[in-house]
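[1] when you get a sec, could you give me coordinates for this:
(one chain, ligands or ions: 1)
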Amino acid sequence: MEIEDLISILQSGNEREISDISYSLMNVSDNAFLQKLAGSLELITPLSSSSYWSSHGNKHRVRVSIDRITTFLEAVRTTGCRCAKYLQLPYFANSEADKGMIEIILNEADPQTRKSKITCQCTACAQYYVAHEFDAGFGRRAQWEKLAKL
Ligand SMILES: [Zn+2]
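    You can find the predicted model right below:
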């Protein structure tokens, strides 16, 4: 996908499609591709403003999805790596490891509290993270933090 394709999807204003693409972009493993998109961030950012959509009935959900994309690409531009997404959305370490995005180094699970502390490393940039996974409401939640080093 080229930046022009992404822009035209965003300009379509299709809530569902834009939501889907915001999550699929965050699952891209190719850092070179993400950095290329991040280099065109100034083409995307205006599309998240309310004034852009004001004549189309506000499009709140569309703007939330576009904000998700711009926040992610800004972080990719700053950190240089896809793994910036872990501080933005609550991914589960095991499924990220299955996709080859990270490598799990240590999984400390407490059966009493059902809390897990998963130490892992990004397979692209070698950044360390700890993913905390715990029960919340009807499901599991995850919260990540960056580790300076092990
Ligand atoms: Zn990384």
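
[2] find the residue closest to I3 in space, skipping its chain neighbours.
    Once flanking residues are discounted, I3 sits nearest to S40: 4.4 Å by Cβ to Cβ, 6 or more residues apart in numbering. For every residue, glycine as well, the C-beta is placed using N, CA and C.

[3] give me the phi and psi for that neighbour.
    phi -110, psi 20 (degrees, to the nearest 10).

[4] double-check it against D5; I have them as touching.
    No. S40 lies out of contact with D5 (Cβ atoms under 8 Å); the separation is 11.6 Å.

[5] which one of those two is surrounded by more residues?
    S40 (15 against 10; other Cβ atoms under 10 Å).

[6] which residues of this protein lie near the ion?
    Contact residues, the chain versus the ion (Cβ under 5 Å from the ion): 81, 83, 122, 124-125, 127.

[7] most neighbours, which of those residues?
    Using other Cβ under 10 Å as the neighbour criterion, C83 leads these with 26 neighbours.

[8] run through the residues that contact the residue lying closest to D30 once chain neighbours are set aside.
    Closest residue in space to D30, ignoring its immediate chain neighbours: R82 at 8.0 Å, by Cβ to Cβ, 6+ apart. Each residue near R82 by Cβ atoms under 8 Å, 6 or more residues apart in numbering is listed here: 26, 28-31, 34, 76, 101, 122, 124.
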